[in-house]
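Undergrad: Requesting a structural model of the entry that follows:
(4 chains)
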Protein chains: 2
Amino acid sequence: MTAPLHEARPAGPGRALPDTQQGMRRRNLARVLHTVRAEGPLSRAAVASRIGLTRAAVSTLVDELIRSGLLEELGPERPGRVGRPGSALTVSGRGPAGIGAEVGVDHLAVCAVDLRGTTRSRAIRQGANRGRSPRPVLAELTDLIRQVVDEAEGEGLYPAGLALAVPGLVARDARTVVRAPNLGWHDTDLAPLLPADIPLTVDNEANFGALAELWLGDGTPRDFLHVSAEIGIGAAVVVDGGLLRGTRGFAGELGHMPVRPDGPECACGGRGCLEQYAGEEAVMRAAGLEPDEDRVGLLAGRAAQGDEDVRRALRDAGTALGVALTGAVNLLDPESVVLGGELSGLAPWLLPSLQDELARRTAGPACPVSVSRLGPQGPLLGAAHSVIRAVLDDPAAFAGQA
Amino acid sequence: MTAPLHEARPAGPGRALPDTQQGMRRRNLARVLHTVRAEGPLSRAAVASRIGLTRAAVSTLVDELIRSGLLEELGPERPGRVGRPGSALTVSGRGPAGIGAEVGVDHLAVCAVDLRGTTRSRAIRQGANRGRSPRPVLAELTDLIRQVVDEAEGEGLYPAGLALAVPGLVARDARTVVRAPNLGWHDTDLAPLLPADIPLTVDNEANFGALAELWLGDGTPRDFLHVSAEIGIGAAVVVDGGLLRGTRGFAGELGHMPVRPDGPECACGGRGCLEQYAGEEAVMRAAGLEPDEDRVGLLAGRAAQGDEDVRRALRDAGTALGVALTGAVNLLDPESVVLGGELSGLAPWLLPSLQDELARRTAGPACPVSVSRLGPQGPLLGAAHSVIRAVLDDPAAFAGQA
DNA sequence: ACTAATTTGTAAATCGGCATGACGAAATAG
DNA sequence: CTATTTCGTCATGCCGATTTACAAATTAGT
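TA: Okay, here's the model as predicted:
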């Protein structure tokens, strides 16, 4: 569990782990569990026909999963079909729980999700974290985590892992925050500051948001670009159902796409980066507003009231986003672009100019742009579900932990 | 073999093929073959220790590969080490051959590569193909293919597949050219116009170039961006040792990255696309030269002679490339950027300004930029090797074809 | 109602594939 | 010349999925 969850791709045939029968068993356990979770209550025979194994083989696999507490038998189905009714199986509601946590600029949040995907417990605490050092913030977060874990344990769950979403760049070790400008954190190993008894994974808020979109969004494809924003503009690239992380884990930095190469200087050293046109600070300035804690809320409120200055600022930001996204879309050819995170609240005023710009610069049909249904809670849900996903991907590794 | 070679990623655990013992055997055959090919002559024991199987298991796998004609026994090694010497194994020099073919703007080329990776036969024909219709061009190409195949068969090889590189966009069915502006082809299924007795794969020239770089380049990482150019500017994205293709197979279109969003109108509908600053035509115009057949050669020649106009034009193109690449590098976080294809000949004059621009716009260490050792023959080699790669990845599928 | 047909789940036998352990073969070290 | 080391192979065993058979539970048909 120290390795990052959900690699973009398993290693090639030359370097893979030895392909032995235990590995086969483990993969088949995963396939059974995955299909039962994905396709609702299912009989052993139904699972067998879906994954291509025989009923006998599935029987033994199911037995093992039931013994591990990952599957539950609901009893005989009552269908109108001919033949003996099957015995319905579901993923357990009392097995492992994924603990998701989030450090936002102005809040902390924790939740526990069970194998079925339902949130069983949650805790939120408002309060500005900008400029506070990691230790007190994570101490506070640890309180919330204990709270949520206690509640989950009361319902018969046990924490299988803790996934933390932060608004910043995270190293590939999945524990060290390299740079989180809006918190003021840099090069900090978070693991020592969090509960040591639960396996930890730290990742970028945008990445978790994208995974939530992938797993929870309705009709979201396996190849898309997920754009979110907290001050900087973070994006996440999903390729064939997996996250593209990059060599250092920094993939998805949309904020410093050159939009006007001769524009004003940016902190990154370049000129005319997207962030200077569509970043929160820039939009606030363009709208003639003062910096505030809840910038997105303020912008959305004013825009909804019909404030022309704010609307114009958002239109311009949408155009800039459109330019940057044109480049990204040309390079990646995704099936769609999803606006998520805090950005989704501003979508009504960003979207028209964004889509215009994208369409204008694209030969042929433009890449469709949609708004996340999950909105700001995407990252937290994605984090919790990433833990659940790890269990589903290798149930054997989590077997005896109840 | 009708499915595209080298998907970016196998399907998730829920949808994968049933994981049965035959599958395990197939994968282990592949692993044995891969290691022998990659690490030179090797004894059974050496292979076993490398891939983590026992000597006994490897013995049976090797037997099967020898019977299939994919491996050869060289006889006992003569080492200075204690103990019975092993019997060296090599991949066969008389097994399957990968037939690579290329339709360029001003040439046709075909080659045959054996399992060892050595080119065993080749044929090239110069002649402008711009504006010619697919049928006569591919008829001519078919002649060359027959020639090369005959020669290869004379040496005991048999064609395991034909891979064709074209300078244009290819659909994900790996047979249909969607758009090849410099040939004037569009929406053409090439399969009926090529030998029907060899399994066919068609792909973008830039993609094959990138694969060649991945497989044949020295020290090339598993995550990089490969930039080539023929008129348009094509790039290919390699993520964790696999090609990123995109939903429609169009990933890697660098040519229409917005470089100066208010710049002149481009054929794609946008403004100030990279192609207008670093495309061949644009550079020729900026250098004050007339259109010509061998544009790259002309530019390189003049630049080498010290022509200041040409050099300035190339410097500016490098700067524009740098701007576009900044965006791509930020988005993908690759380990390096490789200049390949025709572009590699112009590298000496493009590189300085390109690297300057990239470094200026990057916070922290800039992404290293290198020049392909393979140069213009990358695509052809990549095509041939992609066939060989398919054999290595699943030897069982090619077993009885000798 | 009673039988036939159909489907489910499991048990027993079988097969395929790798691991284990032992052995002869072929080299080096002393 | 013997002891040691390593290689390749064989016999055996284990593990996991398949095959085959069968009892159980339901619907369809008379």
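
Undergrad: Looking at chain A, which helix is longest?
TA: Across chain A, the longest stretch assigned as helix under DSSP state H is helix A:308-332.

Undergrad: May I see the buried residues of that helix?
TA: Within helix A:308-332, the residues that qualify as buried are A:310-311, A:313-332, counting by 16 or more other CB atoms under 10 Å in any protein chain shown. The C-beta positions use only the backbone N, C-alpha and C, and glycine is treated the same way.

Undergrad: confidence score at the residue of the stretch 201-350 of chain A found nearest DNA strand D?
TA: Closest contact between the stretch 201-350 of chain A and DNA strand D, by CB to the nearest atom of the strand, is at residue A:241 (23.2 Å). Here, the pLDDT recorded for residue A:241 equals 93.

Undergrad: Please apply the same query to residue A:223.
TA: 95.

Undergrad: That one contacts residue B:246, doesn't it?
TA: Yes: contact criterion CB atoms under 8 Å: residue A:223 and residue B:246 qualify, at 6.9 Å.

Undergrad: Give the residues shared as contacts by these two.
TA: Taking CB atoms under 8 Å, 6 or more residues apart in numbering or on different chains as the contact rule, residue A:223 and residue B:246 both touch A:332, A:333, A:334.

Undergrad: pLDDT score assigned to the last one?
TA: In this prediction, residue A:334 carries a pLDDT score of 97.

Undergrad: separation between residue A:320 and DNA strand C?
TA: 55 Å (CB to the nearest atom of the strand, to the nearest Å).

Undergrad: my bad, residue A:282
TA: Counting by CB to the nearest atom of the strand - residue A:282 and DNA strand C are separated by 59 Å.

Undergrad: Touching, that residue and residue A:273? I think so.
TA: No: Residue A:282 lies out of contact with residue A:273 (CB under 8 Å); the separation is 9.9 Å.

Undergrad: what about the two, which has more around it?
TA: residue A:273 (34 against 20; other CB atoms under 10 Å in any protein chain shown).

Undergrad: thought the more buried one was touching residue A:254?
TA: No: counting by CB under 8 Å, residue A:273 does not reach residue A:254; the two are 9.6 Å apart.

Undergrad: With adjacent residues omitted, what lies nearest to residue A:100?
TA: residue A:384 (2.9 Å; CB to CB, 6 or more residues apart in numbering or on different chains).

Undergrad: What's the local residue count around that neighbour?
TA: Count around residue A:384 with other CB under 10 Å applied: 32.

Undergrad: Quick one: classify it as helix, strand or coil.
TA: Here residue A:384 is recorded as helix under DSSP: H, G, I helix; E, B strand; the rest coil.

Undergrad: residues in contact with it?
TA: Residue A:384 makes contact with A:98, A:99, A:100, A:111, A:112, A:113, A:119, A:163 under the criterion CB under 8 Å, 6+ apart.

Undergrad: So the second one belongs to a strand, correct?
TA: Yes: note on residue A:99: a strand contains this position according to three-state DSSP.

Undergrad: re earlier: where's the residue of the stretch 201-350 of chain A closest to DNA strand D relative to residue A:377, distance?
TA: Separation of residue A:241 from residue A:377 (CB to CB, to the nearest Å): 22 Å.

Undergrad: do the same with residue A:122
TA: 10 Å.

Undergrad: tell me, what's touching the two both at once?
TA: Residues touching both residue A:122 and residue A:377 (CB under 8 Å, 6+ apart): none.

Undergrad: For residue A:68, what are phi and psi?
TA: Phi and psi for residue A:68, reported as degrees, to the nearest 10, are phi -80, psi -10.

Undergrad: so how many other residues sit close to it?
TA: 20.

Undergrad: In this model residue A:379 seems to touch residue A:165, though I could be wrong.
TA: Yes: at 4.1 Å, residue A:165 and residue A:379 qualify as touching, with contact defined as CB under 8 Å.

Undergrad: Show me the common contact partners of these two, please.
TA: In contact with both residue A:165 and residue A:379: A:102, A:205, A:208, A:209, using CB under 8 Å, 6+ apart.

Undergrad: Among the residues you listed, name the ones in helices.
TA: A:205, A:208, A:209.

Undergrad: Throw these into a markdown table and include pLDDT, distance to residue A:106 and neighbour count, thanks.
TA: Compiled in a markdown table, those are given as follows (pLDDT from 0 to 100; distance: CB to CB, whole Å; neighbours: other CB atoms under 10 Å in any protein chain shown):
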| residue | pLDDT | distance to residue A:106 | neighbour count |
| --- | --- | --- | --- |
| A:205 | 92 | 13 | 28 |
| A:208 | 96 | 18 | 32 |
| A:209 | 95 | 17 | 34 |
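
Undergrad: one step back: closest one of the shared contacts of residue A:223 and residue B:246 to chain B?
TA: Using CB to the nearest CB, residue A:333 comes nearest to chain B of the shared contacts of residue A:223 and residue B:246, at 2.5 Å.

Undergrad: Show the contacting residues for the closest one.
TA: Residue A:333 touches A:223, B:245, B:246, B:247, B:248, B:249, B:250, B:251, B:252, B:253, counting by CB under 8 Å, 6+ apart.

Undergrad: What about the second one, how many residues nearby?
TA: Residue B:245 is surrounded by 27 other residues when neighbours are defined as other CB under 10 Å.

Undergrad: same deal with the fourth one?
TA: Counted with other CB under 10 Å, residues neighbouring residue B:247 total 18.

Undergrad: Just the pLDDT for it.
TA: Residue B:247 is assigned 93 on the pLDDT scale.

Undergrad: Would you check that it makes contact with residue A:329?
TA: No: using CB under 8 Å, residue B:247 is not in contact with residue A:329, being 10.5 Å away.

Undergrad: ok but residue A:120 is inside a strand, no?
TA: Yes: assignment of residue A:120 by three-state DSSP places it within a strand.

Undergrad: In contact with the closest residue to residue A:71 other than its chain neighbours, which residues?
TA: Using CB to CB, 6+ apart and skipping the chain neighbours, the partner closest in space to residue A:71 is residue A:65 (4.2 Å). Residue A:65 makes contact with A:29, A:32, A:33, A:71, A:395, according to CB under 8 Å, 6+ apart.

Undergrad: One more pass at 10 Å, please.
TA: Taking CB atoms under 10 Å, 6 or more residues apart in numbering or on different chains as the criterion, residue A:65 is in contact with A:29-30, A:32-33, A:36, A:71-72, A:89, A:91-92, A:95, A:395-396, A:399.

Undergrad: Distance of it relative to residue A:31?
TA: Counting by CB to CB, the separation of residue A:65 from residue A:31 is 11 Å.

Undergrad: and for the two, which residues touch both?
TA: Shared contacts of residue A:65 and residue A:31 (CB under 10 Å, 6+ apart): residue A:395.
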